[in-house]
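Undergrad: Build me a structure from this.
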Amino acid sequence: MSKSLLFILILILPVLATAQKPDTITPVVKKQWTLSKDYSEEIDVPVDTTFSLFHRHKITDKYSPFNAYPGNYGLPTYQMNFFDRITSPDMYLYSYYYPFMHLLDNPVFMNTQIPFTEMAYTFAGPSDRSEQTFRIRHSQNINRFFNIGLIYDIVYSLGHYSYQRSENKTFTLYSSYSGVKYKFYIALGINNITSAENGGIKNLSLLGTGDTRDLEVNLGGLNNSKDVLKNRNLLIVQKYSINKKSTLVSDSVKTNSVHKKFRMEGTFSHILAMEINKRSYIDDLPKSGFYDTTYISKTLTYDSLSAGSIKNTIRFDFSTDETRKFRLGGGVGIRNELFRYTQIIPADSVPASDSAVWRNNNNVLIGKLYNDIGEKFRWIATGELFFSGYRAGDFMLNGDIVKSFDFKKGRATLDLFGKISNLQPSIWYDKWGSNNFTWQNNFQKEFRINLGGEITYPARRTIVRFNYAIINNYTDFGLDTLPSQYKSALSVAALYVKKEFSAWKFHLSNDVLVQKSSNKTVLDLPLVTVRSAAFFDHNFHFKLTNGYLRTQLGVEVFYNTPYYGYSYMPATGRFYRQDQTLTGAYPYVNAFLNVKIKRTRFFLMLDHVNYNFSGNNYFMVPFNPMNIRMFKWGLAWTFYD
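TA: Model prediction:
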């Protein structure tokens, strides 16, 4: 710890001596955006250079504030908020790693006036069990229309317990061209994720009694068990607009000087989305006793499977003049999907194996309709119908109504949303073969109705969201670690509130989740989950240099009421239901200091302060305890001159 503090002081002191007035990113990044789920619209995304609570650096927390994982950051993660979980059949293989990855449905593009670069690094724990993260992103415009950029993320964590190392390396290279009539977006993603599997601690009663590395695990050094996931994806979106006029000043003046005529714009789009996923599970000692069965080899487990897809979409979108108060738009298209699956499966004569190959295809009709009335009201409906192929009969229908209200403190937004879907579960629920597991199922389509609403009031630092779902044929992994489908109706309700209170320079930031399932045997959820930070926020002014040093000093706590949290099965890479061990009812307490000087942000944090003071129930996944008390620090730099 002393070496880390010395290193930070060496970095900070020269900057303190020359601290200048607060800097801003507004003139540099003209726009940052992602694409809607159907790739038809650009959706603005704020540039994440926020300072408040900067110590919350984990990528998983930015996706969802409440997460559970087997102790070490970077390992597979599921969202404790039921409505944040990844349920798409095509994302089955990486659903527990989704927040770490650069994928087809989460590309981010940027338009900058000058080159923009950001670097971030965090370090925690002693060197022999350290947790490190690194991110670099760079973006620059070649000209006012053409941009190119990249993001490279690393999570490398050795873990406090034996054989739980995580190594996640994810990369994206993106480019965009935003001409008047022609636009394109390109994103290439490369994701390599390796997770060491220790099968959990054998005896939880020994927690807190000695060195964490001395605790015996179920999959030890002779197993050398690990899970390797590789993902490659490519997205190319091309758009050509007809009857679209330039937005130059001369055109605007000319338009405003005469009576506006009714005008409609149309856009033809081609979308190519390609993805390859490969998962391998390795265990050098399959007969160590952790698994009951071995179907292929008693001396070595090397399970391997892959899933590749090519999706081509052609669509036409139209809209009336966007300068008018009443705007109507919509679109229609067709998508063709080609899939190829491979897996090493047990052969008829044991021990032996064969390579199985399956090919599927789908044809999908897609549609969209929306209406904007002024700047404060919009409704939008989107839908997909799988009319032929493996998923024939699947459909999704989404609806949103958004209304804004202006108050003295600022604008608030009410969003009412709903979704109806009828989807065939992933093929891996039906077919699976490996050294330790094999199954053949014929599951029915999962039918869901999701309803909800959200109120967002930035001026009051308030978000309130309500979700409700009714599900038939709910599909997950049951008590026997095998796929399971609940044939009756299941309902889930959740209320999420995010609110920050302040009095003078004292702040209390709260995330509260209340949720309930109609059948705890099938789906158990923590009734209440809370993440709260209390801190003192002060901006120091150095008159000698006219510089500023902003600081936040505080503590935070994470807590959830007890429930039967999911267990984890290394061989299948899936979380499954269990009813033997309650998780939760344990507060995780951190103390932190955040500092910002110009474009540099850094934090110091003592993680899990209350280790050995609040009992030994510090695990979110049974038999996989969280890391013990450790010191963390991190820095982020932004460069754009």
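Undergrad: Quick one: the strands in the stretch 351-500 of the chain, in order.
TA: All strands of the stretch 351-500 of the chain, identified by DSSP state E, counting those that start in this stretch, fall at 353-373, 377-389, 395-407, 410-423, 431-433, 438-440, 446-457, 462-477, 483-503.
Undergrad: Please render these as a markdown table that adds mean neighbour count and distance to Tyr559 to the earlier fields.
TA: To be clear about C-beta, it is placed using only N, CA and C from the backbone, and glycine gets the same treatment. As requested, those are arranged in a markdown table below (neighbours: other Cβ atoms under 10 Å; distance: least, Cβ to Cβ, whole Å):
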| stretch | mean neighbour count | distance to Tyr559 |
| --- | --- | --- |
| strand 353-373 | 16 | 41 |
| strand 377-389 | 17 | 37 |
| strand 395-407 | 15 | 33 |
| strand 410-423 | 16 | 28 |
| strand 431-433 | 19 | 37 |
| strand 438-440 | 12 | 37 |
| strand 446-457 | 17 | 24 |
| strand 462-477 | 18 | 20 |
| strand 483-503 | 16 | 15 |
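Undergrad: and those as JSON lines, adding distance to Met605?
TA: Formatted as JSON lines, those follow (distance: least, Cβ to Cβ, whole Å):
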{"stretch": "strand 353-373", "distance to Met605": "44"}
{"stretch": "strand 377-389", "distance to Met605": "41"}
{"stretch": "strand 395-407", "distance to Met605": "36"}
{"stretch": "strand 410-423", "distance to Met605": "32"}
{"stretch": "strand 431-433", "distance to Met605": "41"}
{"stretch": "strand 438-440", "distance to Met605": "44"}
{"stretch": "strand 446-457", "distance to Met605": "29"}
{"stretch": "strand 462-477", "distance to Met605": "25"}
{"stretch": "strand 483-503", "distance to Met605": "19"}
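Undergrad: got those strands as CSV, with mean pLDDT columns?
TA: Output for the strands of the stretch 351-500 of the chain, formatted as CSV (pLDDT from 0 to 100):
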stretch, mean pLDDT
strand 353-373, 94
strand 377-389, 97
strand 395-407, 97
strand 410-423, 98
strand 431-433, 95
strand 438-440, 95
strand 446-457, 98
strand 462-477, 98
strand 483-503, 97
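Undergrad: Identify the bridge partners of the spatially closest residue to Val492 that is not a sequence neighbour.
TA: In space, and not counting its chain neighbours, Val492 is closest to Ala469: 4.8 Å by Cβ to Cβ, 6 or more residues apart in numbering. Taking DSSP bridges, one obtains Asn450, Val492 as the residues bridged to Ala469.
Undergrad: for Ala469, what are its contacts?
TA: By Cβ atoms under 8 Å, 6 or more residues apart in numbering, the residues touching Ala469 are Phe82, Phe83, Arg448, Ile449, Asn450, Leu451, Ser491, Val492, Ala493.
Undergrad: Three-state assignment for the spatially most central residue of the chain, please.
TA: Centroid check for the chain by Cα atoms, centre = their mean gives Pro99 as the closest residue, at 2.7 Å. Secondary structure state of Pro99, per DSSP: H, G, I helix; E, B strand; the rest coil, is helix.
Undergrad: ok, it touching Ser64?
TA: Yes: in this structure, Pro99 is within contact of Ser64 by Cβ atoms under 8 Å, at 7.5 Å.
Undergrad: shared neighbours, the two?
TA: By Cβ under 8 Å, 6+ apart, Pro99 and Ser64 have no common neighbours.
Undergrad: Could you check how many residues crowd around Pro346?
TA: 20 (other Cβ atoms under 10 Å).
Undergrad: What is the burial count for the spatially closest residue to it that is not a sequence neighbour?
TA: With sequence-adjacent residues excluded and distances taken as Cβ to Cβ, 6+ apart, Pro346 is closest to Tyr295, at 3.8 Å. Using other Cβ under 10 Å, Tyr295 has 20 neighbouring residues.
Undergrad: So Tyr295 sits against Trp439, correct?
TA: No: at 11.3 Å, Tyr295 and Trp439 do not qualify as touching, with contact defined as Cβ under 8 Å.
Undergrad: So for Ser614, what's the pLDDT?
TA: We have a pLDDT of 88 for Ser614.
Undergrad: Contacts only, for it.
TA: Neighbouring residues of Ser614 by Cβ under 8 Å, 6+ apart: Tyr586, Pro587, Val589.
Undergrad: Just name the shakiest helix or strand of the protein by mean pLDDT.
TA: Every helix and strand of the chain was ranked by mean pLDDT, DSSP states H and E. The lowest is helix 249-257, at a mean of 43.
Undergrad: Now do the same contact list for the closest residue to Asp283 other than its chain neighbours.
TA: Take Asp283 and drop its neighbours on the chain: the residue closest to it by Cβ to Cβ, 6+ apart is Thr301, 3.8 Å away. Listed by Cβ under 8 Å, 6+ apart, the contact partners of Thr301 are Tyr281, Ile282, Asp283, Asp284, Pro286, Thr294, Ser434, Asn435, Asn436, Ala571.
Undergrad: what sits opposite the first one in the beta ladder?
TA: The reference is to Tyr281. Legend: beta-bridge partners of Tyr281 under DSSP bridges are Asp227, Asp303.
Undergrad: does it really touch Asp227, like I thought?
TA: Yes: applying Cβ under 8 Å, one finds Tyr281 in contact with Asp227, separated by 5.4 Å.
Undergrad: Now the common contact residues for the two.
TA: Overlap of the contact sets of Tyr281 and Asp227 (by Cβ under 8 Å, 6+ apart) consists of Glu197, Pro570, Gly573.
Undergrad: what's around the last one, how many residues?
TA: Number of residues near Gly573 (other Cβ under 10 Å) recorded here: 22.
Undergrad: check contacts around the residue nearest to it when sequence neighbours are not counted.
TA: Of all residues not flanking Gly573 in the chain, Asp227 sits nearest, at 5.6 Å (Cβ to Cβ, 6+ apart). With contact taken as Cβ under 8 Å, 6+ apart, Asp227 is in contact with Thr194, Ser195, Glu197, Arg279, Ser280, Tyr281, Pro570, Gly573.
Undergrad: mind redoing it with 10 Å?
TA: When contacts are counted by Cβ atoms under 10 Å, 6 or more residues apart in numbering, Asp227 touches 75-76, 97, 193-197, 279-283, 303, 570-573.
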